[in-house]
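Q: here is my input, please return the structure:
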Amino acid sequence: MLLFAGCAAPPQLAALQRGWPTEWPDRVRLTTVPFFAQDDHLCGPASLAMVAQAAGSSVTPEELTPQVYLPGRQGALQVEMLAAARRQGLVAYVLAPELSALIEEVAAGHPVLVLQNLSLPISPLWHYAVVVGFDLQQQTLILHSGTTANTVVPLATFEHTWARSGHWAVRVTPPVQLPATAQADTWATSVAALERVDAAAAYTGWHTALQQWPEHRISMLGLGNAAYATGQRERAEQAYDAATRTHPDFADAWNNLAQVRLELGRLQAAHEAASRAVALGGPRRADYLALQHTIEQRLK
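A: Numbering: from 1, shown residues only. I've put the predicted structure just below:
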């Protein structure tokens, strides 16, 4: 791997070398992250099990292997890795493609799953590993990688191999805990993906979002959707009502409020909400009109 890394500092490391953030500690080593030895083909399930267990899951590499390993490719695709994390009720949050974001997560005490190409771009050797520490003075990272725990790798070497994956890195976290670098829209995208497989876990994730960003419109809508999906109609109505009060121009929230009020038997209030959605319009206006018509028929 060192033969392919080159001598010059890669661009992200070079930028950090001009001034390390003063809030970062000089060195971190996460000692509670489990390690599972990985052979060349099963680094995906092993690495995912490490970060999943660090996030509170009990899933093992053996349980994850049939979920992520593709024999034809002799490895695991990123989309399968993200989906498998969600099946454990965890949020798979893809970090910004920046070395600073990766280091900040580890500095906050959280391991990060990364994808590297340990060979040349024209003949890739894809490899998943888990970042569990760093030493800024020595300019090294510590990885659970391959068959060796706590492998020390120069930051420059790591960035060269990591850049070949598009700087792909994931924080796997329980839905009650935001990543250190979390952004509202990216967290919402991650929780919405979780909702497709575990609405109850997503409901917690939306609550977590609204504690940090109380007026984030997608998270307000998401909380209502997750409540609705788990059969909590009253809570769904409360969430949609809060979204429309905070964002009166939010047509989807008005429409969803009308739907849940219809199901709760509050027909007049449902009609009022549906009328607001229709008046606001937008690309789903035909759906709003259909619901309005249904409510009007019920009122008759």
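Q: all contacts plus neighbour counts: C-alpha atoms, from now on.
A: OK.
Q: state the distance from Ala239 to His207.
A: Separation of Ala239 from His207 (CA to CA, to the nearest Å): 11 Å.
Q: outside of whichever helix or strand Ile218 is part of, which residues touch it?
A: Using DSSP states H and E, Ile218 maps to helix 217-229. Where contact means CA atoms under 8 Å, 6 or more residues apart in numbering, the residues beyond helix 217-229 that reach it are 185, 188, 192, 195, 199-200, 202-203, 206-207, 209-210, 233, 235-240, 242-243, 247, 253, 260.
Q: list the contacts for Ile103?
A: For Ile103, the contacting residues are Phe134, by CA under 8 Å, 6+ apart.
Q: kindly export the helix or strand harbouring it (C-alpha atoms) in CSV.
A: Using DSSP H and E, Ile103 sits within helix 99-107. Extracted in CSV, the C-alpha atoms of helix 99-107 (Å, rounded to 0.1, in the frame of the first residue of the first chain):
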residue,chain,number,x,y,z
LEU,A,99,-10.9,14.1,6.5
SER,A,100,-11.9,16.7,9.1
ALA,A,101,-15.4,15.1,9.5
LEU,A,102,-13.9,11.7,10.0
ILE,A,103,-11.4,12.9,12.7
GLU,A,104,-14.1,15.0,14.4
GLU,A,105,-16.3,11.9,14.8
VAL,A,106,-13.5,9.8,16.3
ALA,A,107,-12.5,12.7,18.5
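Q: report the angle between the next helix or strand after it and helix 99-107.
A: Going down the chain from helix 99-107, the next helix or strand is strand 112-117, by DSSP H and E. Computed by axes from the mean of the first three to the mean of the last three CA atoms, to 10 degrees, the angle separating strand 112-117 from helix 99-107 equals 140 degrees.
Q: list the strands paired with strand 112-117, with their directions.
A: strand 126-135 (antiparallel), strand 169-173 (antiparallel) (DSSP bridges).
Q: quick check: beta-bridge partners of the residue most central in space within the chain?
A: Centroid-nearest residue in the chain: Tyr93, 2.0 Å away (criterion: CA atoms, centre = their mean). With DSSP bridges as the criterion, Tyr93 is bridged to Arg171.
Q: and it, what is it in contact with?
A: Contacts for Tyr93 (CA under 8 Å, 6+ apart) come out as 170-173, 179, 186-187, 190.
Q: count the neighbours of Leu42 for me.
A: 23 (other CA atoms under 10 Å).
Q: thinking again about what came up before, quick one: the helix holding Ile218 to chain centroid distance?
A: The chain centre lies 17 Å from the centre of helix 217-229; the measure is CA atoms, centre = their mean, to the nearest Å.
Q: so where do the helices sit in the stretch 201-300 of the chain?
A: 217-229, 233-246, 251-263, 267-280, 285-299 (DSSP state H, counting those that start in this stretch).
Q: okay if I get the ones you listed as a markdown table plus mean pLDDT, distance to Leu125 and mean neighbour count?
A: Converted to a markdown table, the helices of the stretch 201-300 of the chain look like this (pLDDT from 0 to 100; distance: least, CA to CA, whole Å; neighbours: other CA atoms under 10 Å):
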| stretch | mean pLDDT | distance to Leu125 | mean neighbour count |
| --- | --- | --- | --- |
| helix 217-229 | 98 | 39 | 25 |
| helix 233-246 | 98 | 47 | 20 |
| helix 251-263 | 98 | 45 | 25 |
| helix 267-280 | 98 | 52 | 21 |
| helix 285-299 | 98 | 48 | 17 |
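Q: dump these to TSV, plus distance to Phe158.
A: Below are these laid out as TSV (distance: least, CA to CA, whole Å):
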stretch	distance to Phe158
helix 217-229	35
helix 233-246	44
helix 251-263	44
helix 267-280	50
helix 285-299	50
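Q: Gly56 is nearest to which of those?
A: helix 217-229 (22.1 Å; CA to CA).
Q: how about that closest one as PDB, C-alpha atoms only?
A: The C-alpha coordinates for helix 217-229 follow below in PDB (Å, rounded to 0.1, in the frame of the first residue of the first chain):
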ATOM      1  CA  ARG A 217     -39.800  21.000   8.400                       C
ATOM      2  CA  ILE A 218     -38.800  17.600   7.000                       C
ATOM      3  CA  SER A 219     -38.200  16.200  10.500                       C
ATOM      4  CA  MET A 220     -41.500  17.600  11.700                       C
ATOM      5  CA  LEU A 221     -43.300  15.800   8.800                       C
ATOM      6  CA  GLY A 222     -41.200  12.700   9.400                       C
ATOM      7  CA  LEU A 223     -42.200  12.500  13.000                       C
ATOM      8  CA  GLY A 224     -45.900  12.500  12.000                       C
ATOM      9  CA  ASN A 225     -45.200   9.900   9.300                       C
ATOM     10  CA  ALA A 226     -43.400   7.500  11.700                       C
ATOM     11  CA  ALA A 227     -46.200   7.900  14.300                       C
ATOM     12  CA  TYR A 228     -48.800   7.100  11.600                       C
ATOM     13  CA  ALA A 229     -46.800   4.100  10.400                       C
END
